[in-house]
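Enquirer: below is the sequence, then the predicted model.
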Amino acid sequence: MDLYSVVCVRDRATSQKWFEVFFGRPADEIIGEEYLWQAGENAWVVIDDRHVRAARVGGTMITLGVTDLDDILARLSAHGIEHEPVETYGNGVRHVEVLDPDGNSLSLAEAPTR
C-alpha cells in the first residue's frame, strides 16, 4: 500500500521553497501541478495549490518519524523556519510541531535510541 498525503497550500511557489527547506531537498517528483516528496518507502507528501483544494488550505496534520530531529531543527532554524518547543513524552519520544506558511502542521517525532 502507498500513502499520498496532500497538503493544500495557497501558493505553490512559496510552499515549494518552504518544503524544500523542510525536507532538505527539491521535490522528488512533479506530476502535473503537484510536487511530491518521498517521506518513506511508500509514503509521499504532496503540495497542491489548485483552486479545487482552496477550502482545505491550512487543515493538514502530518507526523513524520525521524532519526535526526536536532539536525532537522538546526536546518529549519538556519532558514528562519520556527517551530513549537520540543516535547519529550513519557515513552521517550521527542516531538515538535512545525507550521508551514499556510498553517498546515508537519510534526516531527523521534523515538529514543536503544
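Expert: Received, thanks.

Enquirer: please enumerate the helices of this protein.
Expert: Listed in chain order, the helices of the chain (DSSP state H) span 12-23, 69-78.

Enquirer: go through the longest one and flag the buried ones.
Expert: Translated: helix 12-23. Neighbour counts over helix 12-23 (16 or more other CB atoms under 10 Å) mark 12, 15, 16, 18, 19, 22, 23 as buried. Using the backbone N, CA and C atoms, a C-beta is placed for each residue, glycine as well.

Enquirer: now the helices of the chain in CSV, with distance to residue 3 and mean pLDDT?
Expert: Below are those laid out as CSV (distance: least, CB to CB, whole Å; pLDDT from 0 to 100):
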stretch, distance to residue 3, mean pLDDT
helix 12-23, 16, 96
helix 69-78, 20, 96
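
Enquirer: which one of those helices lies closest to residue 34?
Expert: Of all the helices of the chain, helix 12-23 sits nearest to residue 34, with 8.9 Å by CB to CB.

Enquirer: and the closest one with helix 69-78, angle?
Expert: 140 degrees (axes from the mean of the first three to the mean of the last three CA atoms, to 10 degrees).

Enquirer: distance from the chain centre to helix 12-23, please.
Expert: Going by CA atoms, centre = their mean, to the nearest Å, the spacing between the C-alpha centre of helix 12-23 and its chain's C-alpha centre is 9 Å.
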